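Colleague: generate coordinates for the sequence data below:
(chains A and B, ligands or ions: 2)
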Amino acid sequence: MAGVQVSNVSRSFGAHKALDNVSIDFADGGFYALLGPSGSGKTTLLRQIAGFDFPDSGRIAIGGESVERVPVEKRRIGMVFQNYALFPNMSVADNVAFGLSVRGEAKAVIATEVQRALDLVQLGKLGGRRPHQLSGGQRQRVALARAIVTKPRVLLLDEPLGALDKALRVDMQIELKRIQREIGITTIFVTHDQEEALTMSDRIGILRDGRLVQEGPPEEIYDRPKSEFAATFLGDANIFRGDTTGDGIRLADGTAIAAGAGAKLAAGAKASCAVRPERIRIARDAGTSDGSANMLKGQVSKRIFAGNNSTYFVERGGQTLKVIVQNTGKERLAEGQDVVLRWSPESTVLIVAG
Amino acid sequence: MAAATASRSGLRSALPLLAPAYLWLTVAIFLPLSAMVFFSFMTELPLSGKPWAFTLGNYAAFFSQSLYLTLLLASLRLGLEVTLWCVVIGYPAAYVLAKVLKGRSREAIFLLVILPFWSNGLVRIFSWAMVLREGGILDTALNAVLPFKINIDLMYSYPAVIIGLVHSYVPYMVLTCYLTLQAIDDSLIEAGRSLGASRLQVLKRVIIPLSMPGLVAGAALIFVPVVGSFMEPRILGGRTGTFYGTIIEDQFVAVFNWPLGAALSFILLAVVLVILAVASPVLRRAA
Ligand SMILES: Nc1ncnc2c1ncn2[C@@H]1O[C@H](COP(=O)(O)OP(=O)(O)O)[C@@H](O)[C@H]1O
Ligand SMILES: [Mg+2]
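Modeller: Numbering: from 1, shown residues only, chains lettered A, B, ... in the order given. Ligands and ions are numbered 1, 2, ... in the order given. This is a model prediction of the structure:
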């Protein structure tokens, strides 16, 4: 097992910078999600670590040793491809056995290890089948078994659940997490699904246009996004833009919004505040102040009922704000209703504009 | 049961589409071929005006003279050698085309490979004659480069026949292998490498098995016509170029013994079919 250090890695295709000075430290035994929109460089980064492609500049180390001159087959990595990439000319068992067999392991050893790996992914009985006789989820498991049976130092997964339907994906997320804990392997998981990244990983790195936008534990990124992009890409956020006052911003119409977290900025500069929809309380009238320093008036333009919660869209000064309210069975606000929104400065993150 | 019904109704709806092809096959191939079968059992060509009778003599001739068997074996060996050379040359070329080159350069190289396909067979063979003969292009070029004097005269030799035939037929191998290789997803190669296999191991265990259908199709497309070939052996082989195909050709164009020519070619057809029938399960298992 080993950690992976990516230091100042850049990679361009022609004039296009697919990776722009990316540095990430993947801790030994951790589960790391690389999250970003399509084309942000996630696959490119994974391919640099695997050794299918090489950085123009920068350094990659696995287990503390630079892998600059190490070819793919010597890097001792396990990779799960988005399309599974199972060998169609081999049975499931032979697919899983491939890595051990090219290494020249004894037949008996291979048989035991393959069976153990197939049992681990709960496909113990399907070793004799061909890949085309399996369902998508089963193929996924075979690909995983094949990647981990060689006891690699790092497991790389490129959107491995992207092709599965929602219910199966959730099952596989749980399964993958269980297996990863069981063998304790350093795992780098590429996804464009923010929910997947949040629920599965110890740390998340958000990529955008080849740059690492923010990196840290899921809670930290969610609670303290450092950019509007991070705030809106990972979860939902209401963004207010204005001029900094030092501990908050002043909107164009003069309303002050106090922020208790985020960047420390000199007064006067352009800045934004991000507030998660579930942190805002919505009420028919101002009522008695509950100590929440931030207050705005608006009008409900739409309500979407989703069972356990409702989402209100509130019009306010040309901006639509989103508020999520848990279903407590109490009164529901009608569309067209004038409302008051309140939230605390602690729920407000000050971020540099842009 | 349901599947059988479905395929039968599928066949019925396909019949109008297949009809022109079958009509063409009947007129263009089946009728002349049946005429040839008929001739092969005759003493004389009925068109010649001489009296004729049915006989098995034409087939018996093959077995009574060892020359025919010797030539057939020589032709089978020629077919095997040319096929192997086409694999050795064509498969790597197809691999480079399908997996290494991209875009413009791929198109350019592809054109070069296909070019012999489009050139006239005789032109192709006579160009080789110019290259291979003593004082020809190869001889002159080598002597211009090398410090010592050598004589290269490959003309009218077995190697010349092989070179000419390989050149004519290698595009088949390149095309069939290119098609199967291109259908192999690059991620399979990467998966193999990530599992610790070297490039060579990936080639042996993944790529070659998956390109077997292309290799087999290419081999069949090359082996069969080469065994019966006569133009390249005659022009490039000279006196050494007597093969089973040239003997058959002689019967039709020189000796005018069509019945014997027909019988000899049906024996060839039978032998080739037996070889393909025996080889196909073996090859299928290998794939
Ligand atoms: N081999 C390549 N040649 C040219 N451009 C590439 C190549 N690989 C990736 N790119 C480009 O690099 C960018 C990042 O791609 P990728 O890493 O695949 O993104 P992601 O996996 O995040 O969707 C894209 O704009 C893509 O078009
Ligand atoms: Mg990708």
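Colleague: sec struct for A:I282, please.
Modeller: Secondary structure, DSSP: H, G, I helix; E, B strand; the rest coil: A:I282 is strand.
Colleague: residues contacting it?
Modeller: Residues in contact with A:I282 (C-beta atoms under 8 Å, 6 or more residues apart in numbering or on different chains) are A:312, A:314, A:323, A:325, A:333, A:339-341. The C-beta positions use only the backbone N, C-alpha and C, and glycine is treated the same way.
Colleague: burial count for the residue in chain A positioned nearest to chain B?
Modeller: Closest contact between chain A and chain B, by C-beta to the nearest C-beta, is at A:G99 (3.6 Å). Residues within reach of A:G99, counting by other C-beta atoms under 10 Å in any protein chain shown, total 29.
Colleague: A helix includes it, no?
Modeller: Yes. Under three-state DSSP, A:G99 falls within a helix.
Colleague: I figured it was touching B:L195, is that so?
Modeller: Yes. Contact criterion C-beta atoms under 8 Å: A:G99 and B:L195 qualify, at 3.6 Å.
Colleague: got any residues that touch both of those two?
Modeller: The contact lists of A:G99 and B:L195 share A:146, A:150, where a contact means C-beta under 8 Å, 6+ apart.
Colleague: got a pLDDT number for the residue in chain B that chain A sits nearest to?
Modeller: Closest to chain A within chain B is B:L195: 3.6 Å, counting by C-beta to the nearest C-beta. pLDDT for B:L195: 97.
Colleague: and it, how far from B:S75?
Modeller: 45 Å (C-beta to C-beta, to the nearest Å).
Colleague: centre of the chain to the helix or strand hosting A:D25, how far?
Modeller: Per DSSP states H and E, A:D25 falls inside strand A:16-26. In terms of C-alpha atoms, centre = their mean, to the nearest Å, the centre of strand A:16-26 is set 16 Å apart from its chain centre.
Colleague: report the buried residues of it.
Modeller: With burial defined by 16 or more other C-beta atoms under 10 Å in any protein chain shown, the residues of strand A:16-26 counted as buried are A:17-20, A:22, A:24, A:26.
Colleague: for it, name the packing helices and strands.
Modeller: strand A:4-13, helix A:42-50, strand A:57-62, strand A:211-216 (3 or more C-beta pairs under 8 Å, 6 or more residues apart in numbering or on different chains; DSSP states H and E).
Colleague: partner strands of the longest one and their direction?
Modeller: What that stands for is strand A:4-13. Applying DSSP bridges, strand A:4-13 is found paired with strand A:16-26 (antiparallel), strand A:57-62 (antiparallel).
Colleague: same question, the last one
Modeller: Its sheet considered, strand A:211-216 pairs with strand A:203-208 (antiparallel) by DSSP bridges.
Colleague: between the partner strand and helix A:42-50, how many degrees?
Modeller: Angle, strand A:203-208 to helix A:42-50, by axes from the mean of the first three to the mean of the last three C-alpha atoms, to 10 degrees: 120 degrees.
Colleague: how far off centre is strand A:203-208?
Modeller: Strand A:203-208 sits 6 Å away from the centroid of its parent chain (C-alpha atoms, centre = their mean).
Colleague: repeat that for stretch A:130-140.
Modeller: Counting by C-alpha atoms, centre = their mean, stretch A:130-140 is centred 26 Å from the centre of its parent chain.
Colleague: ok, stretch B:66-74 next?
Modeller: 19 Å.
Colleague: which of the residues in that stretch are buried?
Modeller: Under the neighbour-count criterion of 16+ other C-beta under 10 Å, stretch B:66-74 has B:68, B:71-72, B:74 buried.
Colleague: one more: stretch A:190-198?
Modeller: By 16+ other C-beta under 10 Å, the buried positions in stretch A:190-198 come out as A:190-194, A:196-198.
Colleague: and ligand 1, is that stretch touching that?
Modeller: No. Judged by C-beta under 6 Å from any ligand atom, stretch A:190-198 stays clear of ligand 1, getting no closer than 6.6 Å.
Colleague: contacts for that stretch?
Modeller: Contacts for stretch A:190-198 (C-beta under 8 Å, 6+ apart): A:33-38, A:42-43, A:46, A:156-159, A:161-162, A:169, A:173, A:189, A:204, A:218, A:222, A:233-235.
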